[in-house]
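J.: got a predicted structure here, sequence first:
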Amino acid sequence: MIDGGKVNDDGFTSSLDRLAQGFSSDELYKANSKTAEVFKNTVTDLIPKRSDVEEKYHIRDSVKIERKKNNAATVGILKKSKKAYVARFINDGWDSSWNGKRNGHKVQGLHFWEKAAKQAEEPMNTVMKEEVKKIINKKAGGN
């Protein structure tokens, strides 16, 4: 529609223009963080819980989502908990030794991080698709 020399288009063309602008930083982070939340919940459930030790921070409570410069959302262990190295040992296993000699045995890891990645792959893909669809619908003028 022409109105005073200006073209007002709230339809298809303006929707395409909004889509061509791409995703904003906040939109990217929101989609990434919702996806990371799925992984965080999955890995937290797989971390073994010790109820016989009083700790200020438990590894399960130390799993956090962090925003990176490229608007990615990464899942990791909170630094101030000082539990990341313990989580790595539990996850990967270790070689026990005595007096600096490798005369111990291999303690098998639980590989909870890898198991969580495998279990969460499909739900994470589903959440990411849903979030991207929401952003596209919003930019295209849908509900």
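T.: Arrived safely, thanks for sending.

J.: where does residue 127 land in three-state SS?
T.: At residue 127 the chain is in helix, as set by DSSP: H, G, I helix; E, B strand; the rest coil.

J.: for it, list the residues it contacts.
T.: By C-beta atoms under 8 Å, 6 or more residues apart in numbering, the residues touching residue 127 are 34, 35, 37, 38. For the C-beta atoms, the positions are set from N, CA and C on the backbone; glycine is no exception.

J.: could you find the closest non-adjacent residue to the one residue sitting closest to the centre of the chain?
T.: Central residue of the chain (C-alpha atoms, centre = their mean): residue 36, 1.9 Å from the mean position. In space, and not counting its chain neighbours, residue 36 is closest to residue 73: 3.9 Å by C-beta to C-beta, 6 or more residues apart in numbering.

J.: counting neighbours, what do you get for that neighbour?
T.: Residues contacting residue 73 under the criterion other C-beta atoms under 10 Å number 20.

J.: ok, residues contacting the host helix or strand of residue 74?
T.: Element membership for residue 74 (DSSP states H and E) is strand 73-77. With contacts defined as C-beta under 8 Å, 6+ apart, strand 73-77 is touched by 29, 32-33, 35-36, 39-40, 43, 59, 62-68, 83-84, 87.
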